[in-house]
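# I need the structure of the sequence given here:
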Amino acid sequence: MHHVWKKTRCAYDGCQESLITKPRLLEHLSHPHGVPVQDELLKTAEYCFECAAYFTRASDWEAHYAEHLLDLDLFCGFVARRNVFLYARRCLFCLGDKALTAAARCRDFVNNRDYFKHLSTHMGDAAIGWPLRCPHPLCTEDLAS
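Below is the predicted model of the structure:
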């Protein structure tokens, strides 16, 4: 199957549906036809450590992590065996921040330095008062400073 641009008419696999604008055409290609369009492709493939799966489309990545949020557990740590990395850390502050996208809330940290640097941005927040209720959505514990 080959895709050819013809103004605002879909030429994918003989479709010929007429669309008003180029953004509508891109949306049409992406959803009914499942064609990854440039605006939706991630710059690099994203990897879910929990599912051992790669994603190249932003909408698939977001939908995947939205499903993870429905099935959260209390674990947000890191697992390695014999120096082999098995499971990424997640930021408990981000997990609890409903203003973030699902992918941002479930961001995986595979590097301790990056994780602790990220965590320090939350811990240094002047609005935090100690002791603090754990921000993880399922946790009811208090954190000590």
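
# can you pull out the strands in the protein?
41-48, 53-57, 79-81, 84-87, 89-90, 108-109, 132-133, 142-143 (DSSP state E).

# Would you mind measuring from the residue positioned nearest the centre of the chain to Pro131?
The centroid of the chain falls nearest to Ala103 when counting by C-alpha atoms, centre = their mean (2.0 Å). Look at Ala103 and Pro131: by C-beta to C-beta, to the nearest Å, they are 30 Å apart. C-beta coordinates here come from the backbone N, C-alpha and C atoms, glycine included.

# Domain boundaries for the chain, per the record?
1-39, 41-123 (automatic domain parsing).

# Just the pLDDT at Arg133, thanks.
In this model, Arg133 is scored at 81, pLDDT.

# Report how many residues lie close to it.
Using other C-beta atoms under 10 Å, Arg133 has 12 neighbouring residues.

# cool, and the one 10 residues further on?
By other C-beta under 10 Å, 15 other residues sit near Leu143.

# doesn't Pro131 make contact with it?
Yes. The criterion here is C-beta atoms under 8 Å, and Leu143 meets it with Pro131 at 6.2 Å.

# what sits against the nearest residue to the residue nearest to the centre of the chain once chain neighbours are set aside?
Distances taken as C-beta to C-beta, 6 or more residues apart in numbering put Tyr65 closest to Ala103, at 4.6 Å, once the chain neighbours are dropped. Neighbour list for Tyr65: 48, 101-103, 105-106 [criterion: C-beta atoms under 8 Å, 6 or more residues apart in numbering].

# from those residues, which two are the most distant?
Cys48 and Thr101 (14.7 Å; C-beta to C-beta).

# So these two - more neighbours on which side?
Cys48 (17 against 14).

# All good on my end, thank you.
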